[in-house]
Every structure is written in C-alpha cells, then in structure tokens.
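Undergrad: Structural data only, the sequence is not supplied:
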C-alpha cells in the first residue's frame, strides 16, 4: 500500500507566513519530516500524535545524508500514511527537492508540491526594499554560496554575478562570500556596491546589516556566527 507525500514550503521561519494549503496538509499528516529551519512554532500546526522527524542539514553540524533522508521518506510513505516533507523557504530553491522526487518516482509513490514564501523574498520585505528597480535593477539572480563539499563552486558564473545591474541573492554563503566578493571586485563590480546581510529572517532573532561589499568582506572575515543568512547585493534601494 502506498501513501502520499506533500512537499510543503514552510517559508523562512515565521509561522504566519505559512500558506493556508501548507497548514491544511500539516493538520492532516500522519508524519512530518522537517528541515531544521522549519521546526519550532511551525510544527504546532501538525496534528496531535503525528510523527515529527527532524532531517535538517546545517553547515558545520552533523547532518543526515541525503540518501538517508530520501530512503526515510520512501519508507514512511510505503506504510500507507500521509506524509509532509516540510522544507524551509520554497521547496524548489536549493532544497534538494529533485533527489527526493526521484526516489518517490522510483518507488511509485504519488506526491504534490506546495510552494512556500522564499527566504530571499522575505529578506527583501523585512528590509523594506524591492528586489527590482525600474532602470537600475532589471534582473534578479539566486545563487548558492557553496557546492556539495562546502566550498565556493568552481564553475560559478562570475561574469553574471559581477553584473552591476542585477540584484543578487546568495544562499548559504557567509563562509565563502569573502572569496566570492573579492573575485567579483577584481572583475569590475564596484567595491562600494550596496550589500545586505540578512540573518534569521522572519524569526525573533532576525538581524539586518546594511553595508558595502568591502565592509561585508571584512565583517565575514572576522567571524560568521551560527545564524542562517542570506546575502543580497547590487543596486539595492535605500532602507530609509
């Protein structure tokens, strides 16, 4: 007997940013496999008695391997239960969604994907700025700050990332950003390009730091802390 899996984007952490459909699936789930950033008050929407299983990954911390998470998801679904796979932000943005979809398809398990509020969008809203600006920021690009080994991807497109007319959002990039930003400045991106370090977006620990690229290189070079963060840079609008 096969169950059913709902991939649910939980948004950046604020439970009020859950969609109505996300809350409905949480209330009806027999088991919830959740990311680290999808824990806390978000899980209060799960029904009493549901299995709550943490499978999140965080840089620098012991984390379950992706094949283990995919196997666990299949095993739960094959018991015939309704499963929610709760992923932070939107499931389709740097959430390793594809690996889990492949595992479900191979096992013949049906699924649905429920989008969530992307953390990049929430970060811009928290800062009170748009991601696009007429005439000066016509393009937005989302990029991961590290590869599977935790290092800056060797094939990263530096030309695109040095485009001064694009708003760029770096996910999971605090540790590698000084190296990346230095390379971008060498490619012509002005060192005084506006940047925003957005930590723990939409949670009580949220912190927003506005500075230039050079200042952010220095800040992250002296310590990155443990808070999850996004880095935005480009022709960002003023905060005031």
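TA: Sure thing, it's come through. In this text the structure is predicted, and so the values were computed from the model without any measurement.
Undergrad: which phi and psi does the one residue sitting closest to the centre of the chain have?
TA: Among the residues of the chain, the smallest C-alpha distance to the mean C-alpha position (C-alpha atoms, centre = their mean) belongs to residue 89, namely 5.1 Å. Dihedral angles of residue 89 (phi, psi; degrees, to the nearest 10) stand at phi 60, psi -130.
Undergrad: Distance of it relative to residue 133?
TA: Distance, residue 89 to residue 133, using C-beta to C-beta, to the nearest Å: 23 Å. C-beta: built from backbone N, CA, C; applies to glycine.
Undergrad: Next, the contact list for residue 67, please.
TA: Taking C-beta atoms under 8 Å, 6 or more residues apart in numbering as the contact definition, residue 67 lies against residue 99.
Undergrad: I'd like to know how far it sits from residue 137.
TA: Counting by C-beta to C-beta, the separation of residue 67 from residue 137 is 39 Å.
Undergrad: Repeat that for residue 229.
TA: In this view, residue 229 and residue 137 are 21 Å apart by C-beta to C-beta.
Undergrad: These two: which is more packed in?
TA: With other C-beta atoms under 10 Å as the criterion, residue 229 and residue 137 differ in neighbour count, and residue 229 comes out ahead with 24 against 19.
Undergrad: that's a helix at residue 131, yeah?
TA: No: in this structure, residue 131 is coil, not part of a helix, as judged by DSSP: H, G, I helix; E, B strand; the rest coil.
Undergrad: From what I see, it and residue 142 are in contact.
TA: No: distance between residue 131 and residue 142: 9.9 Å, which falls outside the contact criterion (C-beta atoms under 8 Å).
Undergrad: coming back round to it: in contact with the residue nearest to the centre of the chain, which residues?
TA: Applying C-beta under 8 Å, 6+ apart to residue 89 gives the contacts 9, 10, 11, 12, 37, 95, 116, 117, 118, 119, 120.
Undergrad: How many residues are close by the closest residue to the fifth one other than its chain neighbours?
TA: Yep, that's residue 37 we're talking about. Counting by C-beta to C-beta, 6 or more residues apart in numbering, residue 37 lies nearest to residue 88, which is 3.7 Å off, once chain neighbours are set aside. Residues within reach of residue 88, counting by other C-beta under 10 Å, total 25.
Undergrad: and if you look at residue 41?
TA: Counted by other C-beta under 10 Å, the residues lying close to residue 41 total 12.
Undergrad: what about the strands in this protein?
TA: Secondary structure of the chain, counting by DSSP state E: strands at 4-9, 31-34, 51-54, 82-87, 111-114, 139-144, 166-171, 194-199, 207-212, 229-233.
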